[in-house]
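Student: 3D, please:
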Amino acid sequence: MQFNAEQLVNAKTRKDLLAFAKKNDIAISKTLDKLRYEAELALLQSEFVNLQKWIAQNKMRVAIIFEGRDAAGKGGSIKRFKEHLNPRSSRVVALTKPTEVEKGQWYFRRYIKVLPNPGEIVFFDRSWYNRAVVEPVMGFCSKEQYDKFIVQVPEFEHLLYEDNLKIIKFWFSISKEEQQKRFEARLNNPLKRWKFSPVDMKGQELWDDYTHYKEQMFSKTHTNFSPWIIVKTNDKKQARLESIRYVLSQFDYDGKGESNISLLPDPNVIMRYHRSVIQIDI
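Tutor: Next up is the predicted model:
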């Protein structure tokens, strides 16, 4: 049973809607879950606005990297992170494939050019870690290029760390079954069809290859100064909330906690990488 037009018109408050639902035995659990999510998201976003202001005032440089398999929810999470931020001191970086000139340069150069300036937060929708997983799986780099990259990454990130650039590295973990569902949903939605590419099709076929290179990446590039943070993303909304909460938990900014929402991330959803951590995209 659903609400009729008269009930919706006569309901002046959320309390009225709940009363109608209870009286007429209308299932509204999904609606309530959505309302809770939106309310919690708004509070976390208000905290993030305070964090951005503090970062700008203190001339800090913050880079937040979003990595993971296709359809893991990276873009959707970045959208919620950035939704209410000042665009003058925040931006998204999503680089296209390198030009012929860039192919002849040091691999990290194109990323160095887009690192955050003082007072700025930069969200990387994929990053230099393309060479750690996607490129070797798809044959877009040679073994020599891959081996050199894996050796240089910790050194590169340590230089950034010593220069007081804060890097947060997220790996968005999704199960094979959920990825397939999201691919199918993209194909069936004309507004999201643009997100689907031939490379996505290979994601399911080459699942085990992605897993191999992902584990190699973690073992070689997870460090004390630049750790990997695993986010379980089969529940997209939960992943968005907990990834925002994690970033907020990493800074002692002015006005922290004014929204009275918990800033402690759920360890069942988001955790620092460790070999014993149970991942859903194995």
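
Student: going forward, measure contacts and count neighbours with C-alpha atoms only.
Tutor: Noted.

Student: in the stretch 1-150 of the chain, which spans are strands?
Tutor: Assignment of strands within the stretch 1-150 of the chain using DSSP state E, counting those that start in this stretch yields the ranges 61-68, 90-93, 120-125.

Student: same question, the stretch 151-282 of the chain
Tutor: 165-173, 228-232, 270-272.

Student: put the alpha carbons of the first one into CSV.
Tutor: Right, the one you point to is strand 165-173. Extracted C-alpha coordinates of strand 165-173, given in CSV (Å, rounded to 0.1, in the frame of the first residue of the first chain):
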residue,chain,number,x,y,z
LEU,A,165,51.5,17.5,2.2
LYS,A,166,48.8,15.3,3.8
ILE,A,167,47.7,12.4,1.6
ILE,A,168,44.7,10.1,2.4
LYS,A,169,44.5,7.0,0.2
PHE,A,170,41.2,5.3,-0.1
TRP,A,171,40.6,1.9,-1.8
PHE,A,172,36.9,1.4,-2.5
SER,A,173,36.3,-2.3,-2.2
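
Student: elements contacting that strand?
Tutor: When contacts are defined as 3 or more C-alpha pairs under 8 Å, 6 or more residues apart in numbering; DSSP states H and E, strand 165-173 packs onto strand 61-68, strand 228-232.

Student: nearest to D33, out of those strands?
Tutor: D33 lies closest to strand 228-232 among the helices and strands packed on strand 165-173, at 18.7 Å (C-alpha to C-alpha).

Student: show the average pLDDT along that closest one.
Tutor: The pLDDT scores in strand 228-232 average 97.

Student: contacting residues around it?
Tutor: By C-alpha atoms under 8 Å, 6 or more residues apart in numbering, the residues outside strand 228-232 that reach it are 168-174, 218, 222, 239, 243, 269-273, 279-280.

Student: cutoff 10 Å now
Tutor: Strand 228-232 is touched from outside by 65-68, 72, 168-175, 217-218, 221-222, 238-240, 242-243, 246, 267-274, 277-281, with contacts defined as C-alpha atoms under 10 Å, 6 or more residues apart in numbering.

Student: list the pairing partners of it within its sheet, with orientation.
Tutor: strand 165-173 (parallel), strand 270-272 (antiparallel) (DSSP bridges).

Student: so how many other residues sit close to N50?
Tutor: Residues near N50, counting by other C-alpha atoms under 10 Å, number 20.

Student: ugh, typo on my part, it should be L165
Tutor: Around L165 there are 19 residues (other C-alpha under 10 Å).

Student: ok, what's across the strand from it?
Tutor: Under DSSP bridges, the beta-bridge partners of L165 are R61.

Student: next one, pLDDT for it please.
Tutor: 98.

Student: and what of S276?
Tutor: S276 is given a pLDDT of 65.

Student: what's the answer for K53, then?
Tutor: For K53, the model assigns a pLDDT of 98.

Student: I'd guessed it sits against H84; true?
Tutor: No - judged on C-alpha atoms under 10 Å, K53 makes no contact with H84 at a distance of 11.9 Å.

Student: neighbour-wise, which of these two wins?
Tutor: Using other C-alpha under 10 Å, the more surrounded residue of K53 and H84 is K53, with 18 against 13.

Student: distance check, the more buried one against R182.
Tutor: Distance of K53 to R182, given as C-alpha to C-alpha, to the nearest Å: 35 Å.

Student: do S46 as well
Tutor: 29 Å.

Student: tally of neighbours for N189?
Tutor: By the other C-alpha under 10 Å criterion, the neighbourhood of N189 contains 10 residues.

Student: quick thing: my sequence starts at 20, can you match it?
Tutor: Let's use 20 as the start, then, which means that last one is N208.

Student: cool, thanks, signing off.
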